[in-house]
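1. got a sequence here, can you build the structure:
(2 chains)
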Amino acid sequence: MSEVNLKGVVKRFGDVQAVAGVDLHINSGEFLVVLGPSGCGKTTLMRTIAGLEKPEEGQISIGARDVTALPPRKRGIAMVFQSYALYPHMSVAGNIGFPLKAQGRCPDRAEREQRVYQAAQMVSIEHLLDRRPRQLSGGERQRVAIARAIVSQPEVLLLDEPLSNLDAKLRAYARDELKGFQRKLGITTVFVTHDQIEAMGLGDRIVVMRDGLVQQVGPPQAIYDRPQNTFVATFLGSPGMNLQLVSDQVQRGFRPEHLLPLGELPPGAAHEPFSWRVTRVENLGSDRLLYGHLADFRGEMQLTVSRLPSNVTIEIPLDTVCEFGVAHDQLHFFDVASGERLEEGVAA
Amino acid sequence: MNAIMSRWIDDSRLMGIVFLAPATLYIVLLVGLPFVTALLFSVSTATVGDASFNYVGLRNFANVWQTPAFRDALVNTFSFTVVAQICTIILANILAQLLTTPLPQRRSGRIGMWIARMLLILPWATPLSLSVVGWLWMFDSKYSPIDYIFRELALLGPGTVWGPANNLIWLGKPLLAKASIIFVHVWRMTPLATVILMAGLSSIPTDLLDQAEVDGSRYFRTLFQVKLPLIMPIMLISLLFGFIFTFGDLTVVYILTRGGPITHTLTLPMYSFLVGIDGGNLAQGAAVSLFIFPVLLLVAVVLLRTASRAEIR
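-> So this is what the prediction gives:
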């Protein structure tokens, strides 16, 4: 259990900057999720923390140690790859015990077997120890990978999209379990994903990345409620935030679930009225998505989405002007040129 | 006319026979027939001068078995093959490791790697008889360039460690001749084995190697506990290929030593040739060559079974 510090980390591949100067402080025992679209540098950032990539610039420290120049085995880290990377020719026990043997920290065979068993027990796979990886289901493989990662009691656990190979149903369950293990062990954990649901659900804090740069860091709700720029605003949430130009300098944003029929707005709240035509309705069961167009200040139409929870049963006629509104405190303002968030006062 | 043609073409049984016919004919005429002939010869008294068939049972095999030269050939064939395969697989592993090591992403590195890989395959691409003639010159009793280098290094010649002779006479001394032949076999088989192993190594997912590194495994542990077990089926295929090539090879021995000095480098194919073709005793020559058959059959069966299992993985 240790904190991790990154200072000005840069990783280049040829002319491409995969990580373009990242400063990050990860608290001891924290579950930090690195979120971003594919190609944003999140996996490279994690591999740099692991020591699989050497940064061109910057400094990485784990606990009090500067590990920038150290190979992976001296960093006190463990990693779970997206593919789980189980050794196919070894049994489950062989897989879990491999780091102990390789690091030479546990030369006594009986003790090693004991620790392998404990790690397997932690993820409830102690009955599978004699199996080969190919005889396991996706969920079981993932547990073996996690057991192998925790068996050497690493200071930092790195997880590279470990849930993306599971089917959708199993994923929700695995998410819950993963969070459970992490709490139980209290290991500082970095979890890389492109799935915002995983990020929101798992992270103590989220780091949103784009083009090798950190866009915003904070607790999931805080990032969702106060996105720092238009990228974070539109990347988080499904669908993302609606954006509407209100002048040459300023655009206004509001989340689909806040664009509501006037009657559904909180009573007495000051609101901004929107008149729009809904052209299409998607019924998702738990909620309804309404698609239509809103005019910006120049009169150009922009695709806009509203999300109504299932308890809002009001009939929405298609291709008819409807009166909707957004509560004032749910409006966000961003600078058009930089995309950066503007404080409400500035925008008004 | 067209209607008849198209009915023939749609007849999958007929077309199956038509398509299989060339390969079947080829095997029957060029492999099956000589094999059956050899079987018949081996139980007869046929010679080059008199091919009439007199059945003598297994007398030829019994006679051959009692010849000291045959015993030498049998031992040599096995020992050459086994030693050459061991050397080849070790060398090929080292080369394959080197040639699959990722280089810095520089243009010169990529070109260098390309040249190295091309040079590697050359021994395999050269016609065997030509390259063995090359080695015959290298091992020449008087003008051997190897001896020349040793002389220049003051290892050979009067008053040196290996002196006082000016030449080692590679192919004239039993042990050196054996070593020379094994060396040429290794030189010949290593490229193919390396290429096969490289294919195996590059098929290992990089995640697995990264995982090994994160798990704390160093170079040799990763090599022996991760990489080699993973390419074991492919390595076995390469070994068995080499075994078949070396075991049944005539060219190398024929050109370098013809089995000499005396019978020190005699192999089964060489002996079969000497007895059956040079000596004209077709019956005994056939009997000698038939000793090779069960060994190669066994190896081929193991090879095919390994190959089919390697595919499933």
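2. from here on, just use CA atoms for contacts and neighbour counts.
-> Will do.
3. quick one: contacts for the residue lying closest to B:Gln97 once chain neighbours are set aside?
-> Excluding its sequence neighbours, the residue lying closest to B:Gln97 (CA to CA, 6 or more residues apart in numbering or on different chains) is B:Met198, at 7.5 Å. If you count contacts by CA atoms under 8 Å, 6 or more residues apart in numbering or on different chains, B:Met198 has them with B:Ala96, B:Gln97, B:Leu99, B:Thr100.
4. next, format those as a markdown table and append secondary structure.
-> Conversion of the contacts of B:Met198 to a markdown table gives the following (DSSP: H, G, I helix; E, B strand; the rest coil):
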| residue | secondary structure |
| --- | --- |
| B:Ala96 | helix |
| B:Gln97 | helix |
| B:Leu99 | helix |
| B:Thr100 | coil |
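5. so which of these wins on neighbours?
-> Comparing those on neighbour count, B:Ala96 comes out first with 23 neighbours (neighbours: other CA atoms under 10 Å in any protein chain shown).
6. give the contact list for it.
-> With contacts defined as CA under 8 Å, 6+ apart, the neighbours of B:Ala96 are B:Thr194, B:Val195, B:Leu197, B:Met198, B:Leu201.
7. next, count neighbours for the first one.
-> Translated: B:Thr194. Look at B:Thr194: counted by other CA under 10 Å, it has 27 neighbours.
8. so what does the residue nearest to B:Val43 when sequence neighbours are not counted have for phi and psi?
-> Leaving aside its sequence neighbours, B:Val43 sits nearest to B:Gly57 (CA to CA, 6+ apart; 5.1 Å). With angles defined as degrees, to the nearest 10, B:Gly57 sits at phi 70, psi -140.
9. wait, doesn't B:Gly57 sit right on B:Ser44?
-> Yes. Using CA atoms under 8 Å, B:Gly57 makes contact with B:Ser44 at a distance of 7.3 Å.
10. give me the more crowded residue out of these two.
-> Neighbours were counted for B:Gly57 and for B:Ser44 using other CA under 10 Å; B:Ser44 has more, 24 against 13.
11. SS state for that one?
-> What three-state DSSP gives for B:Ser44 is coil.
12. same check, this time on the one 3 residues further on
-> Counting by three-state DSSP, the backbone at B:Thr47 sits in coil.
13. who touches it in this structure?
-> Here B:Thr47 is in contact with B:Gly276, B:Gly280, B:Asn281, B:Leu282, B:Ala283 (CA under 8 Å, 6+ apart).
14. Provide a list of residues in contact with the first one.
-> This means B:Gly276. For B:Gly276, the set of contacting residues under the criterion of CA under 8 Å, 6+ apart consists of B:Thr47, B:Leu282, B:Ala283, B:Gln284, B:Gly285, B:Ala286.
15. change it to 7 Å
-> If you count contacts by CA atoms under 7 Å, 6 or more residues apart in numbering or on different chains, B:Gly276 has them with B:Leu282, B:Gln284, B:Gly285, B:Ala286.
16. burial of the second one, as a residue count?
-> Counted with other CA under 10 Å, residues neighbouring B:Gln284 total 29.
17. secondary structure element for the residue lying closest to it once chain neighbours are set aside?
-> Taking CA to CA, 6+ apart as the measure, B:Gln284 lies nearest to B:Asn60, with 5.6 Å between them; neighbours along the chain are not counted. Counting by DSSP states H and E, the element that carries B:Asn60 is helix B:59-66.
18. quick one: that helix to chain centroid distance?
-> 27 Å (CA atoms, centre = their mean, to the nearest Å).
19. which residues are in contact with stretch B:253-270?
-> Contact partners of stretch B:253-270, identified using CA under 7 Å, 6+ apart, comprise B:69, B:72-74, B:76-77, B:132-133, B:136, B:171-174, B:177-178, B:181, B:248-250, B:288-289.
20. which members of those are classed as buried?
-> Buried residues within the contacts of stretch B:253-270, defined by neighbour count using 16 or more other CA atoms under 10 Å in any protein chain shown: B:69, B:72-74, B:76-77, B:132, B:136, B:171-172, B:174, B:177-178, B:181, B:248-250, B:288-289.
21. and chain B, which residues reach chain A?
-> Contact residues (CA under 7 Å from any CA of the partner chain) of chain B with chain A: B:Asp207, B:Leu208, B:Gln211, B:Glu213, B:Val214, B:Asp215, B:Gly216, B:Ser217, B:Pro229, B:Leu230.
22. excluding its backbone neighbours, what's nearest B:Pro174?
-> Once flanking residues are discounted, B:Pro174 sits nearest to B:His264: 5.6 Å by CA to CA, 6+ apart.
23. burial count for that neighbour?
-> 21.
24. what helix or strand is it on?
-> In the assignment (DSSP H and E), B:His264 maps to no helix and no strand.
25. top of the residues of chain B next to chain A by neighbour count?
-> Taking other CA under 10 Å as the neighbour criterion, B:Val214 ranks highest of the residues of chain B next to chain A with 28 neighbours.
26. residue contacts, that residue?
-> The contact partners of B:Val214, by CA under 7 Å, 6+ apart, come to A:Pro72, A:Arg73, A:Ala78, A:Met79.
27. in these, find the pair that's most separated.
-> Greatest spacing in these, by CA to CA: A:Arg73 and A:Met79 (11.2 Å).
28. what's the helix holding B:Asn60 packed up against?
-> Helices and strands touching helix B:59-66, by 3 or more CA pairs under 7 Å, 6 or more residues apart in numbering or on different chains; DSSP states H and E, are helix B:282-312.
29. averaged pLDDT, the helix it packs on. What do you get?
-> With pLDDT averaged residue by residue, helix B:282-312 scores 82.
30. go on, stretch B:19-30?
-> Looking at stretch B:19-30 alone, the average pLDDT works out to 93.
31. cool, stretch B:254-267 as well?
-> 88.
32. list the buried ones in it?
-> Applying 16+ other CA under 10 Å to stretch B:254-267 flags B:Tyr254, B:Leu256, B:Thr257, B:Arg258, B:Gly259, B:Gly260, B:Pro261, B:Thr263, B:His264, B:Thr265, B:Leu266, B:Thr267 as buried.
33. same question, stretch B:155-164
-> Of the residues in stretch B:155-164, B:Leu155, B:Leu156, B:Gly157, B:Trp162 count as buried by neighbour count, 16+ other CA under 10 Å.
34. what's in contact with that stretch?
-> B:Phe150, B:Arg151, B:Ala154, B:Ala165, B:Asn166.
35. ok, now stretch B:216-235?
-> Defining contact as CA under 7 Å, 6+ apart, one finds that stretch B:216-235 is touched by A:Pro72, A:Arg73, A:His89, A:Pro99, A:Ala102, A:Gln103, B:Leu197, B:Gly200, B:Leu201, B:Ala212, B:Thr306, B:Ala310.
36. for B:Phe273, give me its contacts.
-> B:Phe273 neighbours (CA under 7 Å, 6+ apart): B:Gly285.
37. so how far is the helix or strand B:Leu20 falls within off the chain centroid?
-> If you go by DSSP H and E, B:Leu20 is part of helix B:12-27. Here the centre of helix B:12-27 is set off from its chain's centre by 31 Å, with CA atoms, centre = their mean.
38. what's the answer for stretch A:134-141, then?
-> Put simply, stretch A:134-141 sits 25 Å off its chain's centre (CA atoms, centre = their mean).
39. and it, is it in reach of chain B?
-> No. Contact of stretch A:134-141 with chain B (CA under 7 Å from any CA) is absent, the minimum separation being 9.4 Å.
40. in that stretch, what's buried?
-> Using 16+ other CA under 10 Å as the burial criterion, the residues of stretch A:134-141 that qualify are A:Gly138, A:Gly139, A:Glu140, A:Arg141.
41. closest to chain A among the contacts of B:Ala96?
-> The shortest approach to chain A among those belongs to B:Leu201, at 14.5 Å (CA to the nearest CA).
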